[in-house]
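**Q** Sequence first, predicted model second:
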Amino acid sequence: MDNVKQVILIRRDLHMRRGKEIAQGSHASMEFIVSQLRAQLGADPGAATAVKLDEATVAWITRGIAKICLRVESEEELLRYHEAAKAKGLTSHVIRDSGRTEFHGVPTYTACAIGPAPAAEIDAITGELTLY
């Protein structure tokens with residue numbers, strides 16, 4: 001499988017500090033693995049864990065881990081792309097920050113990662129977005 005990537009969407013309307021944006025994008029990028037581990041460890045924190053990787057993810061990991069950061073301008077837009085990806089059967093994870101450091105205690109959707117998946121499938125959903 002060639003040309004596999006992950007797209008990370010970051011909300012620009014929040015005017016987060018650069019470090020916060022990077023942290024939120026990193027959370028989104030890792031969530032496809034972390035969510036599997038969290039589910040397994042929730043039942044038994046001492047248990048051995050295993051992560052299932054599909055063909056696209058194996059190709060992505062072994063061929064360079066391509067990530068593309070794109071900008072969205074609202075929570076509505078972020079969630080719309082997240083739902084569109086899921087509707088097409090793609091892995092998509094949205095990040096909801098707790099609000100302790102930047103959002104005055106208000107939990108806030110900040111970022112989303114779609115994939116890893118074939119680039120053409122992701123581009124069909126996010127292709128018109130602007131690079132971050």
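**A** Nice, I can see it.
**Q** tell me the strands in this structure, going along the chain?
**A** 4-11, 67-72, 92-97, 108-118 (DSSP state E).
**Q** Residue 131 is nearest to which of those?
**A** The closest of those to residue 131 is strand 67-72. By CB to CB, the value is 6.2 Å. Any C-beta I mention is one placed from the backbone N, CA and C, and that applies to glycine too.
**Q** What are the buried residues along the closest one?
**A** 67, 68, 69, 70, 72 (16 or more other CB atoms under 10 Å).
**Q** May I see the strands of the chain arranged in JSON lines, with distance to residue 44 and mean pLDDT as well?
**A** Shown next, in JSON lines, are the strands of the chain (distance: least, CB to CB, whole Å; pLDDT from 0 to 100):
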{"stretch": "strand 4-11", "distance to residue 44": "29", "mean pLDDT": "98"}
{"stretch": "strand 67-72", "distance to residue 44": "32", "mean pLDDT": "98"}
{"stretch": "strand 92-97", "distance to residue 44": "23", "mean pLDDT": "97"}
{"stretch": "strand 108-118", "distance to residue 44": "27", "mean pLDDT": "97"}
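**Q** Having no further points to raise, I will conclude here.
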